[in-house]
Each structure stands twice: as structure tokens, then as C-alpha cells.
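give me a 3D structure for the following:
(one chain, ligands or ions: 2)
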Amino acid sequence: MKLERIEVQQLQMPLRFRFETSFGSTTIKDFLLISVHGEGAVGYGESVAMPTPFYNEETTETVWYMMEKFLIPKLFSQPIETPEDVDRLFAPIRRNNMAKSALEGAIWDLYSKQKGISLAKALGGTRSLIDVGISIGIEPTVGEVLQRVERALADGYKKIKVKIKPGFDVQVIQGIRERFGDSVPLMADANSAYTMEHLDIMKELDQYGLIMIEQPLAHDDIIDHAKLQAQLKTPICLDESIHNAEDARKAIELGSCGIINIKIGRVGGLTESKRIHDLCESHGIPVWCGGMVESGVGRAHNVAITSLPNFTIPGDTAASSRYWDLDIIEPGVELVAPGQLAVPEQPGIGYTLNQQAVGKYAVRSASYRPAK
Ligand SMILES: O=C(O)CCC(=O)c1ccccc1C(=O)O
Ligand SMILES: [Mg+2]
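Ligands and ions are numbered 1, 2, ... in the order given. The predicted structure is shown next:
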């Protein structure tokens with residue numbers, strides 16, 4: 001694969017709603033769009049790092065710096081035959097997974113386009129239709145959460161995830177169960193807002209038949225999660241604690257979780273996502289595709305990885321129109337049936353960039369070429 005030019009653009013897309021987690025809230029999606037040009041095709045990737053370092057240690061600025069100073073020069077320094085070569089090239093650089101993932105994902109897209117196959121097929125996907133869920137943020141009142149749950153159920157979403165934090169947890173789950181019943185596939189995501197001091201709250205949540213409780217404890221822990229998992233019947237799902245397949249192996253070995261949320265950006269790219277998928281499959285641990293409020297580019301990558309067989313729990317890949325008045329791809333990622341998305345069969349991510357929309361949201365850009 002001959003890489004001729006790499007374009008980095010910072011985009012700021014207004015969300016249709018305020019999205020709140022236990023670590024903060026946002027109304028603007030501020031991210032980097034990556035375009036890798038080579039041999040007449042363009043591959044697209046998205047950095048899911050947020051502008052502030054409260055989900056992980058990366059930010060829009062650290063990603064741009066790492067790309068410009070280290071990762072893009074690395075890509076231009078050696079021949080790249082397959083996307084797996086990118087993973088090997090980046091391995092000596094510590095962490096900075098979202099920066100690595102955005103470039104690696106764009107090269108997976110470019111590779112698939114050059115081969116004339118869909119990204120899903122290139123990854124070994126087996127599904128042509130995927131079940132998806134929706135992630136509902138913290139709202140000022142339980143009533144407002146219930147309104148969003150009602151709309152989500154009307155759209156047929158196959159999993160309802162609600163964000164929780166101390167003081168806004170049991171009453172939310174209880175409210176949903178009372179209003180919509182025990183059959184709603186329901187989960188809670190704490191984003192590390194609790195400690196073992198909150199064991200009583202965890203044991204209360206354990207009574208509501210949740211599919212899972214996601215990342216209740218510290219973002220860098222698997223020990224206390226193992227102690228907590230031993231006291232709950234509800235599976236713990238790890239998100240922030242899992243940065244690669246080795247973390248997943250250790251968490252499974254310790255019994256820290258029963259489910260793993262794979263986010264392509266958090267684990268450094270699609271190659272590592274496949275490694276975690278395969279490891280979990282061999283241990284009977286189901287995985288699902290988490291979200292980072294992606295634009296259509298990142299959303300398309302999430303659809304592709306979700307087509308792999310052990311993604312057996314619906315992910316957070318809701319429809320573009322839930323998030324954006326105008327997405328940067330056309331068509332947007334939209335439901336083709338209640339709670340279901342089609343896996344594109346066209347080459348690459350299977351969506352076309354809406355350059356006018358990109359221009360509307362772009363606030364900064366730079367272009368990089370190999371040295372002559
Ligand atoms: O993309 C979506 O709709 C879900 C997003 C989401 O839940 C999330 C968004 C930002 C940071 C962390 C998380 C999370 O899943 O923990
Ligand atoms: Mg999460």
C-alpha cells in the first residue's frame with residue numbers, strides 16, 4: 001500500500017442533545033477526521049479522543065501531537081502491505097491508543113477499498129444485519145430518562161444503557177423497571193463513579209435483572225472488580241480497564257468481568273479489537289461494541305467490527321440521526337428495521353463522505369506527505 005498523503009481535520013459537530021456521563025457532559029463532538037490517500041482511493045478514520053482527559057488520558061490535542069510527531073512519520077518510514085503492519089509499526093510507541101486507532105482504521109478502510117471488499121468482510125465479519133442498542137445519558141430527572149427510554153423502545157433498540165452515578169442510580173433503574181417492566185434488556189454504565197464503599201448500592205442494583213453493570217469501579221482496576229464480581233449475580237462489563245488483549249486475558253483470568261465492551265479507539269485499533277474478540281470468544285466471554293458518540297465515520301467502523309461472530313450483545317451504535325442534524329457521511333447510519341443496522345457490502349466502510357458537511361464543521365486541518 002503506497003500512502004501518498006494523510007489529512008488531519010479537527011471537526012466540531014453540535015449534538016442534538018446534551019450527553020452526560022458520571023465524568024462530565026457535552027453538546028459538541030470535537031474530534032479528528034483522518035483521510036489517508038493512496039493509489040486513487042481514500043481511507044477514513046476517526047479519533048474518538050475527547051477534548052478533555054476524563055474518559056482516558058488522551059485529548060484532541062495529544063492525538064494531533066502524537067500523529068504529527070511520531071505516528072505519521074512512522075507510517076511513511078516503512079512499506080505497509082496490510083493493515084496488520086500498522087499495528088506492528090506502532091507497537092513500540094506506548095499507549096496513545098486513540099491516536100493509533102484513528103490512523104490504523106483509515107488504513108483498514110483504504111486497504112478494503114483497494115481490495116474491493118467491505119471493511120466488515122476484510123475483518124472476517126459474518127453478519128449482514130446487526131442488532132444495536134442505545135446509550136442514554138444522565139438527565140436532570142428520572143422522568144426525563146424515562147422519556148428517552150420510551151422513545152428508544154419505540155425505535156426497537158435491542159439494549160437500553162443508562163448512565164448512573166452516586167445519587168442517580170437505583171431510582172433510575174427502579175423507575176425503568178416499574179414503567180417498562182422486567183423484560184426490557186437493560187444495563188447501567190457507571191464510568192468508574194463508585195468504589196467498594198458503595199457495595200450496598202451495587203447489591204441493590206443486583207436485584208433488577210440487569211444484563212450487566214459496566215465499569216462500576218476505577219478506570220485502571222481489575223482486582224476490586226474481581227472482588228465485586230464475586231458478590232454479584234449481575235455480570236460486570238469492563239470498558240475503561242481494558243486497553244488491549246493482554247488486559248482482557250488478565251481480567252478474564254481473575255474473574256473481574258463476565259462481559260467486555262470493545263471500543264476500537266480505546267484498544268488501539270481494529271487489529272487489536274479482533275484479538276480481544278477472538279480471546280473472549282475462546283473463553284466464552286461475550287463482547288459488544290461500545291460508542292464514543294462517533295460521527296458517521298467512526299460509526300461505520302463500529303458497524304463493521306460488530307459483524308464479527310462473538311459480538312453477541314447489542315452495542316451502543318445508535319442511528320446517526322439520533323446524534324446529528326447533519327452527519328459527515330451520506331447516507332447516515334440509519335436503522336433498517338427496529339433496532340437493526342445493515343452491514344454495508346460496498347468496498348471499505350461503505351459510506352461516502354459529505355465533503356460539504358465536513359467543510360461546515362472543520363475548524364483546523366493539516367496535510368502530511370512522505371519526504372521526497
Ligand atoms: O456513543 C454512544 O452513544 C455511547 C457513548 C458512551 O456511553 C460513552 C461516551 C463517552 C465516553 C464513555 C462512554 C461509555 O460508554 O463509557
Ligand atoms: Mg462505558
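
hmm, residue 300 is touching residue 342, no?
No: Residue 300 is beyond contact range of residue 342, at 11.4 Å (criterion: CB atoms under 8 Å). Just so you know, the C-beta spots here come from the backbone N, C-alpha and C atoms, and that holds for glycine as well.

put the alpha carbons of the helix or strand where residue 275 lies into CSV.
If you go by DSSP states H and E, residue 275 is part of helix 270-282. The C-alpha coordinates for helix 270-282 follow below in CSV (Å, rounded to 0.1, in the frame of the first residue of the first chain):
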residue,chain,number,x,y,z
LEU,A,270,-9.3,-2.8,14.6
THR,A,271,-6.4,-5.4,14.6
GLU,A,272,-6.3,-5.4,18.5
SER,A,273,-10.2,-5.3,18.6
LYS,A,274,-10.1,-8.6,16.6
ARG,A,275,-7.5,-10.0,19.0
ILE,A,276,-9.8,-9.2,22.0
HIS,A,277,-12.8,-10.6,20.2
ASP,A,278,-11.0,-13.9,19.5
LEU,A,279,-9.6,-14.2,23.0
CYS,A,280,-13.1,-13.6,24.6
GLU,A,281,-14.7,-16.0,22.2
SER,A,282,-12.2,-18.7,23.2
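
can you tell me the residue of this protein closest to ligand 2?
The chain approaches ligand 2 most closely through residue 239 (3.6 Å), counting by CB to the ion.

was I right to think that residue contacts residue 216?
No: counting by CB under 8 Å, residue 239 stays clear of residue 216, with 10.4 Å between them.

who has more neighbours, those two?
residue 216 (30 against 21; other CB atoms under 10 Å).

any idea how far that one is from ligand 1?
According to CB to the nearest ligand atom, to the nearest Å, residue 216 and ligand 1 sit 12 Å apart.

before we move on, the earlier item: what's the mean pLDDT across the helix holding residue 275?
Across helix 270-282, pLDDT averages out at 98.

who are the packing partners of it?
helix 83-90, helix 97-115, helix 245-254, strand 259-262, strand 287-289, helix 296-306 (3 or more CB pairs under 8 Å, 6 or more residues apart in numbering; DSSP states H and E).

so what are the domain limits for this structure?
5-116+355-368, 122-342 (automatic domain parsing).

which element is the residue lying closest to residue 367 once chain neighbours are set aside on?
Leaving aside its sequence neighbours, residue 367 sits nearest to residue 7 (CB to CB, 6 or more residues apart in numbering; 5.1 Å). According to DSSP H and E, residue 7 maps onto strand 5-21.

next one: stretch 136-151, is it in contact with ligand 1?
No: against ligand 1, stretch 136-151 shows no contacts by CB under 6 Å from any ligand atom, the least distance being 7.6 Å.

repeat for stretch 188-198
Yes: interface with ligand 1: stretch 188-198 contributes 189, 191 (CB under 6 Å from any ligand atom).

quick check: end-to-end length of that stretch?
Distance between the two ends of stretch 188-198: 15 Å, counting by CA to CA, to the nearest Å.

out of the helices and strands packed on helix 270-282, the one nearest residue 62 is which?
Closest approach to residue 62 among those (CB to CB): helix 97-115, 7.2 Å.

after that closest one, heading C-terminal, what element do we hit next?
Next element after helix 97-115 (DSSP H and E): helix 119-123.

what's next to that next one, contact-wise?
Applying CB atoms under 8 Å, 6 or more residues apart in numbering, the contact partners of helix 119-123 are 83, 108-109, 111-112, 115, 127, 270, 274, 300-301, 303-305, 307-308, 343-345, 348-350.

only the buried subset of the residues you listed, as a ChimeraX command please.
Filtering those down to the buried ones (16 or more other CB atoms under 10 Å) takes a single ChimeraX command:
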select :83,108,109,111,112,127,270,274,300,301,303,304,305,307,308,343,344,348,349,350
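
residues touching the residue nearest to residue 367, list them.
Counting by CB under 8 Å, 6+ apart, residue 7 has contacts 34, 35, 36, 37, 365, 366, 367, 368.
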